[in-house]
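J.: Got a sequence here, can you model it:
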Amino acid sequence: MAPAIEIKNYSYNYPDGTAALKDISLTIEHGEKVVLMGPNGAGKSTLLLAMGGFVSGTGQIKIDGIEVNKKNARRIRQIIGCCLENPEDQLFMPTIYEDIAFGPLNLKLEPGIVKKRVEEALETVGLDGLGDKPPHHLSAGQKRAAAIATILSMSPSIITLDEPNSSLDVRNRNTIIGILKGLVQTLTVATCDMNFAASFAERAIVIDGGQKIADGSCEQIMSDEKLMDTHGLEVPWQFRKAVS
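T.: The predicted structure follows:
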């Protein structure tokens, strides 16, 4: 079986020529829960966009063995679901139900299948019974959950999420952690919040200055005080006892 995500020597420059990603290589296997961590501007979000085929650089990215390029864009986006940093970018229909149904309907699925997918997605993220609610009436945490549901209704095997805990209070943050823990899909999540990351991820990849700096288990990476401090990251409370 091909890896879920395979990146070889990938680089990307912004339109003004500034290097955003520099010779990134990594492999993520099916079922892994991986966090991309690094300071603001490190290149985490750009790497997620590259995985989904939203930006194009040099090198190679494969999703489930399929090369990410314009020719394969439709196939790629049926395999990988990309949850953006701002949930309102994914919630634009009059009701949550319609937002979640939008993708499956565009795939021209049968109405009964679409209904089942929407109901299952709402239940998975804890929003069952709220399908008729307008997105702008939701709390910040509910909007995050609804955005994740729009991805789940497409039945992807891989999901990327960009700062899914941004601007959330403790209760909503814990709700999102619970959702991520319960997902069976391969997850790649970009975040600056180490306590959040350590709550659900198994593997950590440090990105800084557009380069891959370190890659290993969360405990190995996040308990390395020198590494974390050098790259503007905080050792999460879960691993502070491991710090000498």
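J.: for the protein, which spans come out with low pLDDT?
T.: For the chain, residues meeting the criterion pLDDT under 70 lie at 241-244.
J.: Any buried residues in stretch 213-223, and which?
T.: I213, A214, D215, C218, I221, M222, S223 (16 or more other C-beta atoms under 10 Å). Every residue, glycine included, has its C-beta placed from N, CA and C.
J.: nearest to G53, of the residues you listed?
T.: D215 (22.9 Å; C-beta to C-beta).
J.: For the closest one, give me phi and psi.
T.: D215 adopts backbone torsions of phi -150, psi 120, taken as degrees, to the nearest 10.
J.: That one and I159, how far apart?
T.: 20 Å (C-beta to C-beta, to the nearest Å).
J.: Tell me where the protein has strands.
T.: All strands of the chain, identified by DSSP state E, fall at 5-13, 19-28, 33-37, 58-63, 66-67, 80-83, 158-162, 186-191, 203-208, 211-217.
J.: Let me have the buried residues of stretch 213-223 in a markdown table, adding distance to S166 as columns.
T.: Formatted as a markdown table, the buried residues of stretch 213-223 follow (distance: C-beta to C-beta, whole Å):
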| residue | distance to S166 |
| --- | --- |
| I213 | 22 |
| A214 | 23 |
| D215 | 24 |
| C218 | 20 |
| I221 | 21 |
| M222 | 20 |
| S223 | 25 |
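J.: Which one of those is nearest to E123?
T.: For the buried residues of stretch 213-223, the residue nearest E123 by C-beta to C-beta is C218; the value is 28.7 Å.
J.: what's near enough to touch the residue nearest to that closest one when sequence neighbours are not counted?
T.: The shortest distance from C218 to any non-neighbouring residue, by C-beta to C-beta, 6 or more residues apart in numbering, is to A204 (4.8 Å). Contacts were defined as C-beta atoms under 8 Å, 6 or more residues apart in numbering; by that measure A204 touches V34, V35, M37, A197, A214, D215, G216, S217, C218, Q220, I221, M222.
J.: got it, and C218?
T.: Neighbouring residues of C218 by C-beta under 8 Å, 6+ apart: V35, A197, A198, A201, E202, R203, A204, F239.
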